[in-house]
Each structure stands twice: as C-alpha cells, then as structure tokens.
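Chemist: Prediction below, plus the sequence it came from.
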Amino acid sequence: PPADAQTVIVIVLDTGRYDLFDEATMPRLFARRGDGLYVTVAANVAGWTLPTTLTLMSGVRLEEQGLDPQGHALPEGAYTGLPRILHDAGWYTSLNTTNNLVSHNLADGFDAVTEHGTSWGLAEQGTEVVSALAASDPTVSSLVWLQAMNLHVPYDKLDPSCQADAVAADAACPEAVIHATGDGSFTPGEFSTLNKDETEACRAALQSAQRCAATKLDTDLDALIAALPPDALVIVTTDHGEGWLDPRIEHNWGASAKLTRGFLLLLHPSLAGEVVPLASQADLAPTVLDFVGVERADLVFEGGPVRQGQA
C-alpha cells in the first residue's frame with residue numbers, strides 16, 4: 001500500500017478505572033506501555049458514556065457545543081468528530097460497539113456501524129475488526145472505533161471465572177441498585193440512598209468484580225493488539241472511570257459535574273518510550289489529527305496534541 005495509507009484503531013474500554021492499568025491486574029497491557037506514548041493520568045470529562053465519548057471524538061465538551069448535557073439524543077450535524085473529519089478527508093470509518101448510546105447518538109461520519117448486545121465481548125469484536133481490516137482496500141486509510149463493555153460489571157456475560165465476584169457484588173449492593181444477573185441497569189441516584197457501610201461494601205464488591213473482568217480482558221486485548229497491523233496507531237483508553245463503580249460518586253452525573261480518571265495508551269513505533277504525565281479526553285481528537293496529518297482549520301479544540309512539549 002502507498003505510504004500515505006494509515007490505520008487508526010481506537011479501543012474504548014467502557015467504565016475502565018485508572019487503577020486497573022497496573023502490573024497485577026492488566027500485566028500484558030501494562031507491559032506494552034513502553035511501546036508507545038503512555039499517559040500517566042488521563043482525566044475524563046464526565047461520568048457516563050455520551051458526554052465522554054463525544055469529547056473523545058470531538059475534542060470539545062458536550063456543553064461547550066451548546067448541547068443538552070442530559071440529552072440522550074444528539075441532532076444530526078450537532079457536532080463534528082473524528083469520524084466525520086476523517087471521512088471527509090477520504091478515510092474509511094467504522095464503528096463496532098456493544099454500547100448503543102454510541103451507535104444511536106454518536107455515529108455521524110461512520111461509513112459502517114456494527115452494533116452488538118452486551119453479551120458480546122472484546123474477543124468477538126476484535127475478530128470482526130481484524131477480519132474487516134484484512135479485507136479492506138489497502139490504499140484507503142481507515143479509522144476503527146471499538147467500544148467494548150467488558151469492564152461494565154456486573155453482567156451475566158462475565159467470564160465464568162468472574163461470576164463469583166459478580167454474585168458477591170449483587171449480594172453486597174441493595175437490590176434496587178444493581179442486579180448481577182440482569183442487564184446491569186439501575187435507576188440514577190439510587191446509590192445516594194445507601195448509608196456509609198452499605199456504600200463501602202457495595203463499592204468494594206463492584207470494584208473486585210471489575211478487577212477480575214479486567215484481568216480476563218487483558219488476555220483478549222493483548223491478542224487483538226498483536227493481530228492488528230504493526231504500523232497502525234492503536235489507542236487504548238476509557239470513556240469514564242470510577243463513576244459507575246463507586247456509589248459515593250454515582251454514574252449518571254451531568255455532563256461535567258465531576259472528573260474521573262481513566263487511562264490512555266497510544267501504541268505506535270514512532271511513539272515508543274514517550275511518557276506524558278497528564279492529558280484530557282479533549283486531547284485525543286487533536287492528537288490523532290496531528291499524528292495522521294489531517295487539518296481542520298475551521299474547528300477549535302479545547303485540547304491539543306499531547307506530543308507537543310508535554311513529555
């Protein structure tokens with residue numbers, strides 16, 4: 001393929017807390033931190049998927065775009081994000097997600113959208129992505145956005161080795177808050193009904209279940225990265241961190257009521273060994289555009305390329 005054909009894969013691990021990215025819980029991903037640009041602390045702009053993913057894609061917070069911070073529906077053309085920018089630049093753009101908030105509200109600019117239920121894991125999604133890339137036109141640059149729900153626990157899709165942790169979380173948290181064997185849903189605000197002891201027990205149990213899920217995910221994630229083109233820019237990040245798994249904070253805040261911490265790793269041979277102490281989700285879109293050499297002079301980003309003077 002020509003030198004100017006590029007591949008960018010953004011892997012968003014839904015609800016991934018910052019402290020899952022360590023040598024004990026995700027050893028394979030942690031070992032890759034020297035293979036690219038590693039952000040020590042990645043600040044998430046909110047505690048739930050729609051505003052955080054919009055910021056990852058667009059480099060601008062939802063409320064700065066004049067949109068309803070509580071809205072679950074974005075009007076067509078409401079924002080300009082990476083998929084639209086790269087599509088307009090001649091790239092082929094695809095979305096593979098198990099979170100329908102992304103496919104229903106943030107699909108603008110994607111040539112192809114593949115939506116699965118939460119029973120699908122990263123391993124299955126990764127197989128689809130790798131096959132699609134292998135069959136794609138090598139002369140056309142590609143953006144793949146993969147949103148995985150493996151860490152959004154408890155769910156009954158967890159690996160059997162983690163089911164005991166999910167059941168323990170279900171037992172530790174009041175029935176009105178969470179159900180391990182259901183769809184993982186709850187009514188916003190019900191965490192605030194817990195007393196101090198209930199809060200701590202629920203929080204610890206939920207985080208234990210997520211840590212188990214992260215260790216299993218680490219194997220699948222490592223296999224996916226190894227199967228991707230070696231010259232691709234592979235980004236591993238999260239949409240929001242502690243929020244949903246910490247009843248002291250709650251999940252469905254307003255768009256920017258609080259910040260959470262996730263993690264961010266950009267894997268590419270040209271970035272090997274770079275370390276950035278702090279970055280925001282608003283930095284991701286301008287960083288990708290800077291890396292691939294696509295400019296949009298008409299757009300103003302809150303963030304900026306993390307490679308410029310931050311290492």
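Modeler: Ah, there it is. Numbering: from 1, shown residues only.

Chemist: drop to CA atoms for contacts and neighbour counts, all remaining ones
Modeler: OK.

Chemist: Tell me which strands the helix or strand containing V12 pairs with, and in which orientation.
Modeler: Secondary structure from DSSP states H and E places V12 in strand 7-13. Sheet partners assigned to strand 7-13 using DSSP bridges are listed as strand 142-148 (parallel), strand 233-237 (parallel).

Chemist: Tell me the buried residues in the last one?
Modeler: So that's strand 233-237. By neighbour count with 16 or more other CA atoms under 10 Å, strand 233-237 contains the buried residues L233, V234, I235, V236, T237.

Chemist: Give me the distance between the strand holding V12 and the centre of its chain.
Modeler: Centroid displacement of strand 7-13 relative to its chain, using CA atoms, centre = their mean, to the nearest Å, is 8 Å.

Chemist: How about stretch 93-100?
Modeler: 11 Å.

Chemist: After the helix or strand where V167 lies, which helix or strand is next?
Modeler: Assigned by DSSP H and E, V167 belongs to helix 163-172. Scanning forward in sequence from helix 163-172 by DSSP H and E, the next helix or strand is helix 196-227.

Chemist: Now tell me which helix or strand of the chain has the poorest mean pLDDT.
Modeler: The helix or strand of the chain with the poorest confidence is helix 163-172; it has a mean of 77 (mean pLDDT, DSSP states H and E).

Chemist: orientation of it relative to helix 196-227 in degrees?
Modeler: Relative orientation of helix 163-172 and helix 196-227, computed by axes from the mean of the first three to the mean of the last three CA atoms, to 10 degrees: 150 degrees.

Chemist: Please identify the buried residues of helix 163-172?
Modeler: Per 16+ other CA under 10 Å, helix 163-172 contains these buried residues: Q163, D165, A166, V167, A168, A169, D170, A171, A172.

Chemist: I'd like those residues as a markdown table, with distance to V292 appended.
Modeler: Shown next, in a markdown table, are these (distance: CA to CA, whole Å):
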| residue | distance to V292 |
| --- | --- |
| Q163 | 42 |
| D165 | 42 |
| A166 | 41 |
| V167 | 45 |
| A168 | 46 |
| A169 | 43 |
| D170 | 45 |
| A171 | 48 |
| A172 | 47 |
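
Chemist: Show me which pair in these is furthest apart.
Modeler: For the buried residues of helix 163-172, the farthest-apart pair by CA to CA is Q163 and A172; their separation is 14.1 Å.

Chemist: The strand holding V12 - what's its average pLDDT?
Modeler: Taken as a whole, strand 7-13 carries a mean pLDDT of 97.

Chemist: So what touches the helix or strand that it is followed by?
Modeler: Moving toward the C-terminus from strand 7-13, the first helix or strand encountered (DSSP H and E) is helix 27-31. Residues outside helix 27-31 that contact it (CA atoms under 8 Å, 6 or more residues apart in numbering): F21, D22, E23, D218, T219, L221, D222.

Chemist: Alpha carbons only: can I get helix 27-31 in PDB?
Modeler: Backbone C-alpha positions of helix 27-31 (Å, rounded to 0.1, in the frame of the first residue of the first chain) are rendered in PDB as follows:
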ATOM      1  CA  PRO A  27       0.000  -7.200  33.100                       C
ATOM      2  CA  ARG A  28       0.000  -7.700  29.300                       C
ATOM      3  CA  LEU A  29      -1.200  -4.200  28.500                       C
ATOM      4  CA  PHE A  30       0.900  -2.700  31.200                       C
ATOM      5  CA  ALA A  31       4.000  -4.300  29.600                       C
END
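
Chemist: Please state the offset of that helix from the chain centre?
Modeler: 17 Å.

Chemist: partner strands of the helix or strand following it, parallel or antiparallel?
Modeler: Going down the chain from helix 27-31, the next helix or strand is strand 36-44, by DSSP H and E. In the sheet, strand 36-44 lines up against strand 260-267 (antiparallel), strand 274-280 (parallel) (DSSP bridges).

Chemist: In this model Q210 seems to touch D159, though I could be wrong.
Modeler: No: here D159 lies out of contact with Q210, judged by CA atoms under 8 Å, at a distance of 11.3 Å.

Chemist: Any regions of the stretch 51-200 of the chain where pLDDT drops low?
Modeler: The stretch 51-200 of the chain contains residues with pLDDT under 70 at 68-73, 153-158, 174-193.

Chemist: now with 80?
Modeler: Within the stretch 51-200 of the chain, the stretches with pLDDT under 80 are 62-77, 118, 152-160, 163, 166-167, 169-196, 198-199.
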